[in-house]
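Visitor: no sequence on this one, just coordinates:
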């Protein structure tokens, strides 16, 4: 019997509302939980969730507990630029078991720049989590990724220095797609995925669930859901929120 599945992706920016890069602001997890409760996805891919140092519950676990999801996974990627006691993390919250999840870090060229208010910015580590969902009698390959915000550093993601990073991501996407049905949720931080993932988006591999659809307040699309060509896309949702990324969702029939 076919499986109906709603998959969401959302960069929650440490659970803070408003502009990115705010420091010392308390997270508003009740707001994020309320949006998720409204849309009720089966699987949530989070970017820039906070994992806290010590015994404090991380944000992926917090949302899973608040909303009654039985499974979650969280992988710290770098120190947070928004809270001294936290790391940025890639999170997965799911109604289905998440198996064999692993984090892969991109090569970091360690760029530095002076920000608009004179503060020193450095390029934080980014990468992706890849694993599989157990959907009863079948499995789904799943990738949750976050790529570098290179425009803040005055460099293009098409610069040759980043070629190994895009090759890593392309190779992983093609591998999980070759193994069976697969979906990828990625904050690409770039508006033209064909610049970076052309081989992945050729016929026979992946479709993009929504294109030329702004997912940030400045009108730029950064967030994508890619799905294998054996999967049927039913609906998409890109909803403006009080954070600096839209809530993005796609429903599928597998």
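Guide: Nice, I can see it. Treat the numbers as computed from the prediction; the structure is a model and nothing was measured. Numbering: from 1, shown residues only.

Visitor: Can you list the buried residues in stretch 151-165?
Guide: In terms of neighbour count (16 or more other Cβ atoms under 10 Å), stretch 151-165 has its buried residues at 152, 155, 157, 162, 165. Using the backbone N, CA and C atoms, a C-beta is placed for each residue, glycine as well.

Visitor: Identify the residues contacting the third one.
Guide: Residue 157 makes contact with 147, 148, 150, 166, 189, 190, 195, 196, according to Cβ atoms under 8 Å, 6 or more residues apart in numbering.

Visitor: Generate a markdown table for those residues, with pLDDT, neighbour count and secondary structure as supplementary columns.
Guide: A markdown table is the format used below for the contacts of residue 157 (pLDDT from 0 to 100; neighbours: other Cβ atoms under 10 Å; DSSP: H, G, I helix; E, B strand; the rest coil):
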| residue | pLDDT | neighbour count | secondary structure |
| --- | --- | --- | --- |
| 147 | 97 | 22 | coil |
| 148 | 96 | 23 | coil |
| 150 | 94 | 19 | helix |
| 166 | 97 | 19 | helix |
| 189 | 96 | 20 | coil |
| 190 | 95 | 22 | coil |
| 195 | 96 | 13 | helix |
| 196 | 96 | 21 | helix |
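
Visitor: export those to JSON lines and tack on distance to residue 107?
Guide: Listed next are the contacts of residue 157 as JSON lines, based on distance: Cβ to Cβ, whole Å:
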{"residue": "147", "distance to residue 107": "12"}
{"residue": "148", "distance to residue 107": "10"}
{"residue": "150", "distance to residue 107": "13"}
{"residue": "166", "distance to residue 107": "11"}
{"residue": "189", "distance to residue 107": "16"}
{"residue": "190", "distance to residue 107": "17"}
{"residue": "195", "distance to residue 107": "19"}
{"residue": "196", "distance to residue 107": "15"}
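
Visitor: Quick check: the farthest pair among those?
Guide: For the contacts of residue 157, the maximum inter-member distance is 14.1 Å, found between 148 and 195 (Cβ to Cβ).

Visitor: pLDDT score assigned to the closest residue in space to residue 130 that isn't next to it in sequence?
Guide: What sits nearest to residue 130 in space, not counting adjacent residues and going by Cβ to Cβ, 6 or more residues apart in numbering, is residue 143, at 4.7 Å. Residue 143 carries a pLDDT value of 98.

Visitor: ranges for the helices of the protein?
Guide: With helices called from DSSP state H, the chain shows them at 29-39, 59-67, 163-179, 194-197.

Visitor: How many residues are close by the residue nearest to residue 161 when sequence neighbours are not counted?
Guide: Distances taken as Cβ to Cβ, 6+ apart place residue 109 nearest to residue 161, at 5.7 Å, with adjacent residues excluded. Residue 109 has 14 neighbours, counted by other Cβ atoms under 10 Å.

Visitor: Could you double-check that residue 109 sits in contact with residue 123?
Guide: Yes. Using Cβ atoms under 8 Å, residue 109 makes contact with residue 123 at a distance of 6.8 Å.

Visitor: Mind listing the residues bridging to the spatially closest residue to residue 182 that is not a sequence neighbour?
Guide: Nearest residue to residue 182, sequence neighbours excluded (Cβ to Cβ, 6+ apart): residue 141, at 3.4 Å. Legend: beta-bridge partners of residue 141 under DSSP bridges are residue 132, residue 182.

Visitor: Any idea how many residues pack against residue 141?
Guide: A count of neighbours around residue 141, defined by other Cβ under 10 Å, yields 21.
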